[in-house]
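Next input, structure requested:
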Amino acid sequence: MRQLKGKPKKESWKDKKERKQAMQEAREQVTTIVLPTLVVLVLLIVLFVYVATRPGAIDAGPVRDAHEAGESNRGAAVISALLR
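Now for the predicted structure:
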């Protein structure tokens, strides 16, 4: 029977098998490529945040000294401490 133009072609068993195989390959790529890449990216972000915010990295010595001395112009003391 002749195929009409507007009607979609019926999927053959070969087409169906190829489509299922392509979907299976896509699922395998998700587990082997995408997930490990996301895990590495998240670990890098966590490591960066940890290194940037650890207490040993912040040196507040001159600022603390200015505060303990009771200086009235604390803003200038903070700025000068940051510029050192």
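
C-alpha only now, for contacts and for neighbours.
Noted.

where in this protein is pLDDT low?
Low-confidence segments of the chain (pLDDT under 70): 1-4, 56-78, 80-82, 84.

And the helices in it?
Applying DSSP state H to the chain gives helices spanning 13-29, 35-53, 61-69, 74-83.

Now do the buried residues in the longest one.
Spelled out, it's helix 35-53. Buried residues in helix 35-53, counted by 16 or more other Cα atoms under 10 Å: none are found.

Can you give me the domain boundaries for the chain?
Listed by automatic domain parsing, the domain ranges of the chain are 14-53, 57-84.

now the end-to-end length of stretch 28-37.
With Cα to Cα, to the nearest Å as the measure, the ends of stretch 28-37 fall 14 Å from one another.

what's the answer for stretch 7-19, then?
Across stretch 7-19, first to last residue, Cα to Cα, it's 20 Å.

Begin at 43 from now on, thanks
Happy to do that; since the first residue is 43 now, the last one works out to stretch 49-61.

Which residues in it does the neighbour count mark as buried?
When burial is assessed from 16+ other Cα under 10 Å, stretch 49-61 yields no buried residues.
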